[in-house]
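Student: with the sequence up front, the predicted model follows.
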Amino acid sequence: MLNLKIPKIFSSFDLKLIALISMIMDHICYMFIPQLSLFRIIGRMAFVLYAFMLVEGFLHTHNLQRYIKKIAIWAVLSEIPYDLALYGKFVNWQHQNIFFTLLIGLLGLYSFKSNAHVMLKILIGVACPLIARFLKVDFSWYGILVIFVFYFLRNISLAKFATIEILSFFVSFKLQIFAFLGFIPIALYNGKLGKKIGNIYYSFYALHLLLLGILKYHYLFHL
């Protein structure tokens, strides 16, 4: 029988770098060249990788409270750059940045871990996507469910990938069906840390949005 072994060539650093690059491509396309759908398709990898790495961080962090606090801080710090870049406002209550999605998902995982009662876990599993939808965070209920799938099906590769792809068909943004592109680097993940990327992984989100926002409105101002 043919036994194909997938080479595990990507570290945590590599996945984070791929997430950042695909995110930049997606945002540049959205803000400046919306007709170039290829960049938006490639950008579908970004959230899948962010969600996967969030779960990896949850499973391996030595200080869960500090990890939650870090995500919460960057959620707050990223909101004004996010609103400025994408909506041209300092505050836009109609949509919140991706770190709020990650925060809700992370708090959900923390609650799952802290509570043994099955019914309470089910309530948490239902409440978190509803909260995400109510607060209008990026990727809404879908984002939370992707995080939960990566957590609960973490040891069953085909099942988690199939579940996420099925969920992607129910998202209003139809290009999200290309979320499967993010499965490729994850399948090549070796579980190793690799080079340290530190807070650049978190701060870059806010910084690149701020820069793109400045470029966008400088360009519009000089038209």
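Tutor: Arrived safely, thanks for sending. Keep in mind that what you see is a predicted model, and the values were worked out from it rather than measured.

Student: so, low pLDDT: which residues of this structure?
Tutor: Residues of the chain meeting the criterion pLDDT under 70: 1-4, 219-223.

Student: show me where it has strands.
Tutor: Under the criterion DSSP state E, the chain contains no strands.

Student: give the buried residues for the lengthiest helix in it.
Tutor: Assignment by DSSP state H gives helix 64-87 as the longest helix of the chain. For helix 64-87, burial by neighbour count (16 or more other C-beta atoms under 10 Å) applies to 64, 67-68, 70-72, 74-75, 77-86. To be clear about C-beta, it is placed using only N, CA and C from the backbone, and glycine gets the same treatment.

Student: do stretch 205-220 as well
Tutor: Within stretch 205-220, the residues that qualify as buried are 205-206, 208-210, 212-213, 216, counting by 16+ other C-beta under 10 Å.

Student: list the contacts of the residue lying closest to residue 201 once chain neighbours are set aside.
Tutor: Nearest-residue entry for residue 201: residue 16, 4.9 Å, with adjacent residues in sequence omitted and distances by C-beta to C-beta, 6 or more residues apart in numbering. Shown in contact with residue 16 (C-beta atoms under 8 Å, 6 or more residues apart in numbering): 49, 53, 197, 201.

Student: highest neighbour count among these?
Tutor: Using other C-beta atoms under 10 Å as the neighbour test, the contacts of residue 16 are led by residue 49, with 23 neighbours.

Student: I'd say it and residue 186 touch.
Tutor: Yes - at 7.2 Å, residue 49 counts as touching residue 186 under the criterion of C-beta atoms under 8 Å.

Student: which neighbours do these two share?
Tutor: When contacts are counted by C-beta under 8 Å, 6+ apart, residue 49 and residue 186 are jointly contacted by residue 15.
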